[in-house]
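> show me the folded form of this:
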Amino acid sequence: MSMRAGDAALSGPEPPQRLVAGAGRPSVPLPRRFAVSRLDVADGLVRLTARDSRVITATPGQLTVWSQLLQEPANPDYEAQFEAEFLDRPARPADDTTDPELLLPAVDAVFGPIVPHAPSAFGTTAEIADIRPAVSAVPCVPCEVTLEFDSMSRRRILELLPAVHALLADLPLLWDRALTYLWEQGTDDDRAATGPADFRAAFRLMGVVVYHSGDFGLDLDDAGKEFVEDGYWARINFRADGSPAELVMMA
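Here you go, the predicted structure:
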């Protein structure tokens, strides 16, 4: 069924605003730096006009995505990064897009074709199932190590690939920083009960998640579930410069 004008709405005239873009889709926040003054619907597309006259036109599926940008206060650049990610949405495939150009692969010298797709439940829009055959610097692990691109178009993937190659080359150092950061988040009692060597040995690298901003996360699996409950894993989010910024428990 084609989208009608009444299916889309804004929460209000002033930021922070939220957008409802079609029945059955969740409302999503809009960037404060893209304050919407007008909303139009035509031919199944949502057209948002900002107060500064910028315009973004996209399908409901393109607009209602979940981005895993580092959040405030760990990320002082959040508002600018959110705006840039939001403006990239019309260039991405979604569950209601039909343009084949949105699915063209980003061809990489290391990984070959990286094919964009409609976002997963976590917002992933492209991935490499296992980077170990192509990246010699992966810390020694017995299982696959994934590389995921979160909430980004083919164009943004291509822009970020040089930085992705650099961070993958630095994985041993980043892995050490991630384990140190995770260790420091524990209580004094936790650290007294387990030595740092045993703690570090309990974890393996599951994957690397690259965000639209260029920041990234390392997913750490506690295979024996000594420190993390079953069904959960730890993600250490890093700024693009390689400094750890926050711990997020994923499920």
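
> contacting residues around the helix or strand bottoming out on mean pLDDT in the chain?
None of the helices or strands of the chain scores lower by mean pLDDT, DSSP states H and E than helix 188-193, at a mean of 75. The contact list for helix 188-193 (Cβ atoms under 8 Å, 6 or more residues apart in numbering) reads residue 183. Placement of C-beta: from N, CA and C, glycine included.

> and it, how far out from the chain's middle?
Centroid separation between helix 188-193 and its chain, computed with Cα atoms, centre = their mean, to the nearest Å, is 33 Å.

> how distant is whichever helix or strand comes after that helix from the center of its chain?
Using DSSP states H and E, the next helix or strand after helix 188-193 towards the C-terminus is helix 196-201. Relative to the centre of its chain, helix 196-201 is centred 29 Å away, using Cα atoms, centre = their mean.

> helices and strands around helix 196-201, which ones?
Under the contact criterion of 3 or more Cβ pairs under 8 Å, 6 or more residues apart in numbering; DSSP states H and E, helix 196-201 touches helix 171-184.

> just the CA trace of the helix it packs on, in PDB.
As requested, the backbone C-alpha atoms of helix 171-184 are provided in PDB (Å, rounded to 0.1, in the frame of the first residue of the first chain):
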ATOM      1  CA  LEU A 171      44.100  -4.800  16.000                       C
ATOM      2  CA  PRO A 172      46.600  -6.300  18.400                       C
ATOM      3  CA  LEU A 173      47.100  -2.900  20.100                       C
ATOM      4  CA  LEU A 174      43.400  -2.200  20.000                       C
ATOM      5  CA  TRP A 175      42.600  -5.600  21.500                       C
ATOM      6  CA  ASP A 176      45.000  -4.900  24.300                       C
ATOM      7  CA  ARG A 177      43.400  -1.500  25.000                       C
ATOM      8  CA  ALA A 178      39.900  -3.100  24.900                       C
ATOM      9  CA  LEU A 179      40.800  -5.700  27.500                       C
ATOM     10  CA  THR A 180      42.500  -3.100  29.700                       C
ATOM     11  CA  TYR A 181      39.500  -0.800  29.500                       C
ATOM     12  CA  LEU A 182      37.100  -3.700  30.300                       C
ATOM     13  CA  TRP A 183      39.300  -4.800  33.300                       C
ATOM     14  CA  GLU A 184      39.200  -1.200  34.600                       C
END
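
> buried stuff in it?
171, 174-175, 177-179, 181-183 (16 or more other Cβ atoms under 10 Å).

> how about stretch 102-111?
Here stretch 102-111 shows 102, 106, 108, 111 as buried, counting by 16+ other Cβ under 10 Å.

> over to stretch 132-145?
Buried residues in stretch 132-145, counted by 16+ other Cβ under 10 Å: 135, 138-139, 145.

> and the furthest pair within those residues?
Farthest-apart pair in the buried residues of stretch 132-145 is 135 and 139; separation 10.3 Å (Cβ to Cβ).

> and for those two, which residues touch both?
Contacts common to residue 135 and residue 139, judged by Cβ under 8 Å, 6+ apart, are residue 171.

> can you give me the helices for this protein?
Assigned helices in the chain, in chain order: 60-63, 78-87, 154-169, 171-184, 188-193, 196-201 (criterion: DSSP state H).

> lowest mean pLDDT across these, which one is that?
Mean pLDDT is lowest for helix 188-193 among those, at a mean of 75.
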